[in-house]
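>>> Okay, here's the prediction I keep looking at, along with the sequence it came from:
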Amino acid sequence: MTAMKIRVQLPVSGLECGLSEMEASVQTHVRRYATQVLRPLGTRLDRLPAAAVVQEASEYWQVFAEFEKLGLTLETLLQLPDVERGRLLAIVFEELGWGDAGLAVALGAALIPGIVSAQNGRLDMLARYPGRLGCWAITEPDHGSDMLDSSGHARHPGTQHGRANCRVHLDGDRLWIDGQKSAWVSNGPSAQLAALFCGLVDDHGDDQRCVVLVPLDAPGVSRGQALDKIGQRALPQGEIFFDHVCLPRDHLLADAQQYAAAEYAVLTQANSLMGAIFTGVARAAYEQALAYAQQRRQGGVPLVQHQHVRYRLFHMFRKLEAARALARQTLLFNHSVSTPALQGAIASKVTATQTAFELASEAVQMFGGNGLSREYPLEKLLRDARASLIEDGCNELLAIKGGSLLSATDADA
Ligand SMILES: Cc1cc2nc3c(=O)[nH]c(=O)nc-3n(C[C@H](O)[C@H](O)[C@H](O)COP(=O)(O)OP(=O)(O)OC[C@H]3O[C@@H](n4cnc5c(N)ncnc54)[C@H](O)[C@@H]3O)c2cc1C
């Protein structure tokens, strides 16, 4: 008598359960968009020189035009109850990341000025600049990690971050902006609106910080070259320069006193979305590896018949499920409470990006020589995932910051 073998076939999103009708429908639509638009466009844009990605005739612009048809605008998302919004963001951004990491980041960055306006109680600015492609301009040539840690959680004892490269001068009912942001601003070459996190000069001193909403067609704004890099090549990045840019003072979204809370809120949101996006990248690597293991024959049998291949696939599956669970839980938790937990968002970002990188590397190994070939999708996934360990804060800096938040007492919070 042969023993009965029980085998459960899991759906694409693994152990996920309990989606509402609306969530399942959005997931299906976004998955279709990721399959039909993001995956093929991301692959083609990856092969272009950096400067060509944002040229007028580039397919990059279709990414936004087609996304708009899904109706997932920030305004729509903001109308949802908080918890529903948290769940939906996790579902949507995993699908986008599965389609293409760089383009998923481009779509996320596009929303940041609106998110920052909403987080700072300035919904009027959403109405003032509707439909503009956004970016988050925070890092600077001399301040990469520093700019993501104004609280000083990861600062070397006894040191100062030093003066910002980009500073705002308050002058009556106007403000003036001078300086530049780093070459790493996502959508820097293409954005029409920036959430600018920068230095501030006012009556209280010249080394403070603030947040300003900047329409990037304002006189005095210019851009640098599009940055050429190894991964997420479909995501255009580049410097933004400000030469005595003048705006009405009401474009100040957060002053020196409000800055720490604004930075905390945007970093929490950005890291949470990164957790969802790179869960999608990890899923893409796992799916490719599983399919290849079933189809490629070696030693007279499909790869998957070899025990070590099964062992490798199991650990990929296990890590993917853990990353998804954390990404989902973080977004859900942070949308259920009045003050979100940055340490949770960091845990999600670090886990998902590390998982995506490990799974892409495991999948390359599974593909053997084909894993290294540009004819197969794995080498791109590996390059895309590698960039994520630095993006939105290097994982080391974030881990120190997360640890500090876990152990913070009233004295050092
Ligand atoms: C794909 C991608 C997208 C990005 N998108 C944006 C964007 O939209 N907007 C934007 O403004 N920026 C963006 N960035 C910039 C990104 O946030 C920075 O690259 C990152 O914060 C690190 O800064 P840095 O590159 O200057 O490295 P540095 O700060 O010079 O750090 C170099 C190394 O030193 C380590 N290190 C530095 N300080 C510390 C510390 N205090 N404790 C421990 N280790 C430390 C780091 O971990 C790192 O390994 C993006 C970057 C990438 C790669």
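Alright, I've got the coordinates. Numbering: from 1, shown residues only.

>>> Pull up the gap between the closest residue to the ligand within the stretch 201-350 of the chain and residue 330, please.
As assessed by Cβ to the nearest ligand atom, the ligand sits closest to residue 232 within the stretch 201-350 of the chain, at 5.0 Å. The way it works is simple: take the backbone N, C-alpha and C, and place the C-beta from them, glycine included. Distance of residue 232 to residue 330, given as Cβ to Cβ, to the nearest Å: 22 Å.

>>> again, but for residue 279
From residue 279 to residue 330 the distance is 11 Å (Cβ to Cβ).

>>> These two: who's more crowded?
A side-by-side neighbour count of residue 279 and residue 330, using other Cβ atoms under 10 Å, places residue 279 first with 32 against 28.

>>> wait, that one sits on residue 327?
Yes: shown here, residue 279 and residue 327 form a contact pair, counting by Cβ atoms under 8 Å, at 4.7 Å.

>>> Could you list the residues of the chain in contact with the ligand?
109, 136-139, 144-145, 148, 154, 182, 184-186, 232, 387, 390-394, 396-397, 400 (Cβ under 6 Å from any ligand atom).

>>> quick one: pLDDT of residue 408?
Residue 408 is assigned 64 on the pLDDT scale.

>>> how about the helices of this structure, start to end?
Using DSSP state H, the helices assigned to the chain run over residues 21-33, 39-46, 50-53, 60-68, 74-79, 82-99, 101-119, 123-128, 259-295, 307-334, 342-366, 378-388, 395-407.

>>> May I see these organised as JSON lines, with distance to residue 6 added?
Formatted as JSON lines, those follow (distance: least, Cβ to Cβ, whole Å):
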{"stretch": "helix 21-33", "distance to residue 6": "26"}
{"stretch": "helix 39-46", "distance to residue 6": "34"}
{"stretch": "helix 50-53", "distance to residue 6": "49"}
{"stretch": "helix 60-68", "distance to residue 6": "41"}
{"stretch": "helix 74-79", "distance to residue 6": "41"}
{"stretch": "helix 82-99", "distance to residue 6": "28"}
{"stretch": "helix 101-119", "distance to residue 6": "36"}
{"stretch": "helix 123-128", "distance to residue 6": "52"}
{"stretch": "helix 259-295", "distance to residue 6": "19"}
{"stretch": "helix 307-334", "distance to residue 6": "16"}
{"stretch": "helix 342-366", "distance to residue 6": "26"}
{"stretch": "helix 378-388", "distance to residue 6": "32"}
{"stretch": "helix 395-407", "distance to residue 6": "39"}
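
>>> For residue 238, find the nearest of these.
helix 50-53 (8.3 Å; Cβ to Cβ).

>>> Could you list the buried residues of the closest one?
50, 53 (16 or more other Cβ atoms under 10 Å).

>>> how far is it from where the chain is centred?
20 Å (Cα atoms, centre = their mean, to the nearest Å).

>>> try stretch 323-335
Centre to centre, stretch against its chain (Cα atoms, centre = their mean), the figure for stretch 323-335 is 15 Å.

>>> Same check on stretch 240-255?
The answer for stretch 240-255 is 25 Å, by Cα atoms, centre = their mean.
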